[in-house]
Structures are given as structure tokens and as C-alpha cells.
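J.: build me a model from this:
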Amino acid sequence: MEFSLARITAWAKSLLSRAWAFFDPRRGASAIAAAAGDVCRSRRSLLIENAVLRHQLGILLRSARRPKLRWVDRPLLLLGARLLERWRAAIVIVCPETLIRWHRAGFRLFWRTRSRRPGRSPLPAETVELIRDMARRGRLWGAERIRGELLKLGIRVSKRTIQKYLREARGPRRGGQTWATFLRNHADRTWACDFIQAYDPLFRQVYAFFIVHLGSRQVVYAAACRHPTQEWTAQQLWNATMDGEAPKILLRDRDDKYGASFDRVAAGVGTRVIKTAVKAPNMNAVAERFVGSVRREMLDHVLVLDEDHLGRLVRDYRQYFNEARPHQGIGQRVPGRHAMFADLTKSILARPVLGGLHHDYQRAA
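T.: Coordinates of the predicted model:
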């Protein structure tokens, strides 16, 4: 093997640098000074410092990268800092500021525990459920009103406690009654109207106008037209109320097909017209539901020829809708039928509706 002069020189420099690092006079002087200082220290201090250093060494041995402290490590390091005079030099695994932050956190936890006072006994579960039930049923009742009802029953609860359960039962408080509550209170004397848009084979628009009773879900009137005007729509309202049956409230949207003439006819029969808000279909939800039912159950399956054909289809579907079709909104009841007991001994008959698109099942007479 041939050794070049450059390689031998590099080896010599490496050996000299390692020897100098091992016999560094500054490192030796610091170690000698530290040993001389330890001679003058007490045995108790040396034992505590050795225990702290040994504990830090165990932490470092547990992980190869960053040391992970367990829940018991922090109290031990804090105890070592409390007992050692030179704890800043002995504890090197964490910063001194970290130890101080741990101590302050423990101080706050200690005094939070000391300052905790025993509270009142919790309310019985049946009382809490009674408060929530009163909040749900009595939408107009406040905390004081519910407190009075509870006093009538011999139950004493503070106003603040009632307010807490009120917020849980009702959620964010809104001013006045909801639109659903208003409709339920006036459904028996309220009608709603709207238009159904369809297309003939040449993709020309055809419209069907209808009026539905909110309380019973019955469709009280239906008619079709290719180009409905304000006068035509007003005439349909007059036709629907000419027998003397008129509602107190009539819901409609802001379509131009109604206009002032429609409102004048409604006022002439003693009906108040309420216009729904812009982009608020839920204000006329019953009419919107009927439009959806007509589309899903009829218009999506037939070809509308003209306005006369659409009018006949809507009238046939209206009869089926009122007299044979169960409705989810009124408990799966049929609007035009009264509750009756079916004779289970009779056979079941199926009557086709709309050419067999639907069937009306009934017991034989």
C-alpha cells in the first residue's frame, strides 16, 4: 500500500486536533474549578444535585430526539429547584423560565381549589323537565311567569335558574310569534293561492291557478290559462268565492299576475290579502307543497297538450287530492273524508285515477 505525503499529513492533523480537544486546558480548568467548589459544599447539597442530574439523565435516555416529560417529572424538577441553591446550573433540561411558569400554574390551581365553595344542591330531574316543558308549551311565558306556575305547584326555583333552562329549551329568543304559530292559529280561515307552470309539446308556457285551504289542505278551486292576466286572475278569485264562502286571510306571492284588481276583489268579499316576503317560499309552504305534488305525481308523467288539457288534468288531480290521497301534514288523513271505521270483512277495490297513474283503494260498500 502506498501512502502519499498529503494523506499522512491529514492523519497527523486529525490526531493533533483530537488530542488538543481531549487535553483542552480550558475544559480541564473548568472541571478542576467545579471539583474544588464541590469539596466545600455540604453532603446534602451534593446528594440532591446528583439526584436531580440523575433524573434529567433518565429523561434524556427515554427519547432519542426531544425529551418528553411525564406528569411526575414536573413536580420532581420543581422540588429540586426548591431545595437546591444553584438550581439554575443544575437543571439544564428545561429553561429557568419554564420552571417559573410551572410554579405559577400550580399556584393558580392551588388557590382555585382553595377558593371553590360548595354550591347549592342541583334541581331534581323532574323539576328541570317540568321547566323545559313549560318553556316549550308556553312560548309567550317568561322566567317570572314560569316561576309563578311553579309556586302554584309548591316548587321554589330562582329566576336565574329558570332563565338558564329557558335558553336551553327555546334557543335564541326571537321577537314575536313564529310564522308557523301564526298559520296554526289562523289556518281554518286562511287560503293560499299560487300558479303551476307547465309546457305544451311546442315548449309554450301554460299556467294553472289554484287555491288551497290551509286548515284542511283541500284545494277549493283550480283553473288553467295560457296567458293569465290580472283581470283573469281576479275573475278566478271571484268564481271561487261567489257561493259566499270566503276566507279572512289570503296568502299570495308578489307575482304580477295578481295586481290591484285581485286585491280589490278580495277586499270586496271581506278577505285580507297578505303578500309573502321576497325569496321566502316557506311563508306559503302549503301551496308550494301542492305545486311539488302536482309536478311529481302528474306533470312529470303526462304530456300537456294545451290549456284545456291542463285544466282537466288539474281538476282530476284535485278530486283525487281532496278525496283519496292521504296527507302527511294532517296525520295521513284524507282531507275530504271524515274518520270512519272500516269494515274489515268487505273486499278491497282499486279505482284508477288519471288513467291508472294512481289508484284509490277503498272497502266495498
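
J.: could you list the low-pLDDT ranges of the stretch 51-200 of the chain?
T.: Along the stretch 51-200 of the chain, segments meeting pLDDT under 70 span 60-67, 87, 89, 92, 116-121, 171-179.

J.: can you give me the strands in it?
T.: 190-199 (DSSP state E, counting those that start in this stretch).

J.: same thing with the stretch 201-350 of the chain?
T.: According to DSSP E, counting those that start in this stretch, the stretch 201-350 of the chain carries its strands in the segments 205-213, 219-225, 249-252, 272-275, 348-353.

J.: need those in JSON lines (columns: distance to Y258, mean pLDDT and mean neighbour count).
T.: No exception for glycine: its C-beta is placed from N, CA and C like everyone else's. Output for these, formatted as JSON lines (distance: least, Cβ to Cβ, whole Å; pLDDT from 0 to 100; neighbours: other Cβ atoms under 10 Å):
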{"stretch": "strand 205-213", "distance to Y258": "10", "mean pLDDT": "95", "mean neighbour count": "22"}
{"stretch": "strand 219-225", "distance to Y258": "14", "mean pLDDT": "94", "mean neighbour count": "21"}
{"stretch": "strand 249-252", "distance to Y258": "6", "mean pLDDT": "93", "mean neighbour count": "22"}
{"stretch": "strand 272-275", "distance to Y258": "8", "mean pLDDT": "93", "mean neighbour count": "15"}
{"stretch": "strand 348-353", "distance to Y258": "31", "mean pLDDT": "83", "mean neighbour count": "12"}
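
J.: turn those into a markdown table, columns for distance to L57.
T.: Listed next are the strands of the stretch 201-350 of the chain as a markdown table, based on distance: least, Cβ to Cβ, whole Å:
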| stretch | distance to L57 |
| --- | --- |
| strand 205-213 | 84 |
| strand 219-225 | 87 |
| strand 249-252 | 81 |
| strand 272-275 | 82 |
| strand 348-353 | 88 |
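
J.: ok, which of those strands comes nearest N185?
T.: strand 249-252 (10.8 Å; Cβ to Cβ).

J.: tell me the strands beside that closest one, with direction?
T.: Here strand 249-252 is paired, per DSSP bridges, with strand 190-199 (parallel), strand 272-275 (parallel).

J.: returning to that earlier point: nearest to N322, out of the strands of the stretch 201-350 of the chain?
T.: With distances scored as Cβ to Cβ, the stretch of the strands of the stretch 201-350 of the chain nearest to N322 is strand 219-225 (6.0 Å).

J.: so what does the closest one touch, helix or strand wise?
T.: strand 205-213, helix 230-241, helix 307-323 (3 or more Cβ pairs under 8 Å, 6 or more residues apart in numbering; DSSP states H and E).

J.: show residues contacting the last one.
T.: Contacts to helix 307-323, defined as Cβ atoms under 8 Å, 6 or more residues apart in numbering, come from residues 196, 198, 206-208, 210, 218-219, 222-226, 290, 293-294, 297-298, 302, 304, 334-337, 353-354, 358, 360.

J.: look up how far R147 lies from A285.
T.: 36 Å (Cβ to Cβ, to the nearest Å).

J.: and if you look at R101?
T.: From R101 to R147 the distance is 47 Å (Cβ to Cβ).

J.: who's more crowded, these two?
T.: Ranked by neighbour count (other Cβ atoms under 10 Å), R101 and R147 place R147 first, with 20 against 12.

J.: returning to what we had before: now distance to R86 too, for the helices and strands packed on strand 219-225, in JSON lines please.
T.: Formatted as JSON lines, these follow (distance: least, Cβ to Cβ, whole Å):
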{"stretch": "strand 205-213", "distance to R86": "90"}
{"stretch": "helix 230-241", "distance to R86": "96"}
{"stretch": "helix 307-323", "distance to R86": "92"}
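
J.: return the most buried member of those.
T.: Burial of the helices and strands packed on strand 219-225 is given as mean neighbour count (mean count of other Cβ atoms under 10 Å); strand 205-213 ranks first at a mean of 22.

J.: that strand: partners in the sheet, and parallel or antiparallel?
T.: Note on strand 205-213: by DSSP bridges, its sheet partners are strand 190-199 (antiparallel), strand 219-225 (antiparallel).

J.: turn the ones you listed into CSV, including distance to P124.
T.: As requested, these are exported to CSV (distance: least, Cβ to Cβ, whole Å):
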stretch, distance to P124
strand 190-199, 43
strand 219-225, 51
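
J.: select, out of those, the one closest to V273.
T.: With Cβ to Cβ, the closest approach to V273 among these belongs to strand 190-199: 9.7 Å.

J.: run through who's touching that closest one.
T.: Contact with strand 190-199 is made by 183, 205-215, 220, 228, 237, 247-253, 255, 257, 271, 284, 286-288, 290-291, 294-295, 299, 304, 310, 314, as judged by Cβ under 8 Å, 6+ apart.

J.: any buried residues in that strand, and which?
T.: Neighbour-count burial for strand 190-199, counted by 16 or more other Cβ atoms under 10 Å, picks out T190, W191, A192, C193, D194, F195, I196, A198.

J.: with stretch 267-281 instead?
T.: Buried residues in stretch 267-281, defined by neighbour count with 16+ other Cβ under 10 Å: V269, T271, V273, T276.

J.: let me see the contact set for R104.
T.: Contacts of R104 by Cβ under 8 Å, 6+ apart: none found.

J.: so what's A224 closest to, chain neighbours aside?
T.: Nearest residue to A224, sequence neighbours excluded (Cβ to Cβ, 6 or more residues apart in numbering): G311, at 3.5 Å.

J.: any idea how far that neighbour is from S216?
T.: 23 Å.

J.: same thing with L109?
T.: 65 Å.

J.: which one's more surrounded, these two?
T.: Remark: of L109 and S216, S216 carries more neighbours, 16 against 10, as counted by other Cβ under 10 Å.

J.: roughly how far does the more buried one sit from R333?
T.: Counting by Cβ to Cβ, the gap from S216 to R333 is 9 Å.
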